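[1] Got a predicted structure here, sequence first:
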Amino acid sequence: MASAAFSLSPTTANRPQHSTILITGGASGIGLATALYLHTPKYSNNVVVLDRAQSPPPVPELTNSSRFLYIQCDVTSWQSQRAAFAQAANHFSHLDHVFVNAGVAEIGEQLFTDHRDSVGELAEPDRKTIDIDIRAVGDTLKLAIYHLRRNDNKKGSGKGQGGSIVMTASLAGYLASAGAPLYSAAKHGVVGYLRALKGDCAKVGISLSVIAPGITLTNIILGRQEGQSLQAWGEEMQKRGVPINDAETVALTVAHLMGLGMQANGNGYLIQGNRVQELEGGIARTREQWMGREMLDLFRGGRNAPLFPNKL
C-alpha cells in the first residue's frame with residue numbers, strides 16, 4: 001500500500017538548524033533554492049555550495065554572509081571534489097549534511113543517432129550525462145561518508161558525528177523517461193545506491209535518502225522555444241496536463257529529509273505537482289505482488305548469505 005501524499009511549506013518542513021550543509025550543484029536551480037532556504041537567518045545554518053561556475057550566484061544574502069562559503073569545483077574530478085570537501089570541513093570545523101545534487105539532463109541523442117569521427121569511423125558516444133549524474137555521485141558519496149561518519153572506530157575524517165546525505169534522483173529513476181536513456185539509467189543508479197547503502201550508512205550514524213522530482217522549473221529544462229521564459233514554458237506544460245514543481249518545493253523536501261535525521265534513512269520522496277510521497281516503503285511492502293511468493297521466499301532464504309564482504 002502506498003503512503004499518503006502530502007504538501008510542505010516553509011513552516012511545516014522539518015529543516016535542520018545550527019548545522020553545516022554542503023550542496024553540490026548549488027549555484028542554480030534546486031541547489032540554489034535549497035541553499036537559500038537552509039541559509040535563512042533564523043535557522044542559523046552554515047551553507048557550503050560547490051559548483052563548476054567560476055563565481056558564486058549573485059545573491060547578496062548569501063555572498064555577504066559569514067555563514068556561506070562558495071567553492072568552485074568540478075564534480076567529475078576526484079581531486080577537485082576531495083579538496084572542496086576538505087576546505088568546507090576545515091572552514092566550518094565539520095559537516096552535518098550533504099546534498100548530492102549536481103547533475104545534467106540528457107546530452108543529445110547517443111544511441112540511435114550515428115556520428116562519425118575524423119577518419120569516418122563511428123564516433124564514441126558522449127558520456128557526460130553518465131559521468132556527472134552517476135559516476136561523480138559515487139565520488140560525492142565517498143567523500144560525504146568520509147566526513148560524516150561517526151568517529152567510533154577512528155575511521156573517516158575523525159571529525160564526523162553522523163548526519164544525513166540526500167541525493168537527487170528523479171521520477172526517471174523510478175519509471176524511466178523515453179528519449180533520455182542515459183539520464184534514466186544514471187538516476188536508477190542513484191536509487192540503487194540508496195537501497196544498497198542505507199543499512200551500512202545507518203551503522204555509522206548517517207541517514208541516506210533520495211528525492212525524485214518530476215518536471216521542475218529550472219534551467220536544466222530542455223525543449224523551450226527560442227525566447228520562451230521558464231515560467232511561460234511551465235504554464236504551457238501545465239495546460240497540457242504535465243505536473244510541474246517549483247524548485248522551492250523540492251528545496252523544502254530536501255531540508256525536511258535532513259531534519260528528520262535517521263527517521264528518513266532509506267526514504268525515496270517522489271515530488272510531482274508540488275506534492276510529495278514516500279515510495280520506498282510502499283515498494284518494500286508490496287514485494288510479493290511484483291515478485292510473486294515463490295521468488296520472494298527464494299530471495300529471503302538467501303539474503304543473509306555472505307555473498308559480498310562487508311566493510312563494517
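    The structure has been received and is ready for your questions.
[2] Going by C-alpha atoms from here, please, whenever you check contacts or count neighbours.
    Noted.
[3] how about the strands of the stretch 151-300 of the chain, start to end?
    For the stretch 151-300 of the chain, the strands defined by DSSP state E, counting those that start in this stretch cover 163-168, 206-213, 268-272, 275-278.
[4] just the angle between the first one and strand 206-213, please?
    This means strand 163-168. Here the directions of strand 163-168 and strand 206-213 differ by 20 degrees (axes from the mean of the first three to the mean of the last three Cα atoms, to 10 degrees).
[5] do the same with the third one
    Using the same axes, to 10 degrees, the direction of strand 268-272 lies 20 degrees away from that of strand 206-213.
[6] Show me what strand 268-272 is packed against.
    strand 206-213, strand 275-278 (3 or more Cα pairs under 8 Å, 6 or more residues apart in numbering; DSSP states H and E).
[7] Tell me which strands that strand pairs with, and in which orientation.
    Strand pairing for strand 268-272, using DSSP bridges, gives strand 206-213 (parallel), strand 275-278 (antiparallel).
[8] mind showing which ranges of the protein have poor pLDDT?
    Scanning the chain for pLDDT under 70 picks out the ranges 1, 153-154, 219-224, 228, 309-312.
[9] Output the longest helix belonging to it.
    Counting by DSSP state H, the longest helix found in the chain is helix 181-203.
[10] Tell me which of the strands paired with strand 268-272 approaches residue 27 most closely.
    Checking the strands paired with strand 268-272 against residue 27 by Cα to Cα gives strand 206-213 as the closest, at 18.3 Å.
[11] that older thread, okay, the helices and strands packed on strand 268-272, which one's buried deepest?
    Comparing the helices and strands packed on strand 268-272 by mean neighbour count (mean count of other Cα atoms under 10 Å), strand 206-213 ranks first with a mean of 29.
[12] contact partners of that one?
    If you take Cα atoms under 8 Å, 6 or more residues apart in numbering as the criterion, strand 206-213 is touched by 145, 148-149, 162-174, 190-191, 194, 197-198, 201-202, 245, 250, 253-254, 257, 261-272.
[13] Can you tell me which of those are buried?
    Neighbour-count burial (16 or more other Cα atoms under 10 Å) is assigned, among the contacts of strand 206-213, to 145, 148-149, 162-174, 190-191, 194, 197-198, 201-202, 245, 250, 253-254, 257, 261-262, 264-272.
[14] Quickly find the element holding the residue of the chain most remote from its centre.
    Residue farthest from the centre of the chain, counting by Cα atoms, centre = their mean, is residue 119 at 39.8 Å. Element membership of residue 119, judged by DSSP states H and E, is empty: it is in no helix or strand.
[15] do the same with residue 55
    Going by DSSP H and E, residue 55 is not in any helix or strand.
[16] Identify the bridge partners of the closest residue to it other than its chain neighbours.
    Nearest residue to residue 55 in three dimensions, chain neighbours excluded: residue 72, at 7.1 Å (Cα to Cα, 6 or more residues apart in numbering). Residue 72 has the following beta-bridge partners by DSSP bridges: residue 51.
[17] Residue 57 is in contact with residue 72, correct?
    No: Residue 72 is not in contact with residue 57 according to Cα atoms under 8 Å; the separation is 11.2 Å.
[18] now residue 255: how far from residue 226?
    Distance, residue 255 to residue 226, using Cα to Cα, to the nearest Å: 34 Å.
[19] higher neighbour count, those two?
    residue 255 (25 against 6; other Cα atoms under 10 Å).
[20] Can you give me every residue that contacts the more buried one?
    Counted by Cα under 8 Å, 6+ apart, residue 255 has contacts 13-16, 34, 38.
[21] what do you get if the cut-off is 10 Å, keeping everything else the same?
    10, 13-17, 21, 34-35, 37-38, 97, 99, 166, 249 (Cα atoms under 10 Å, 6 or more residues apart in numbering).
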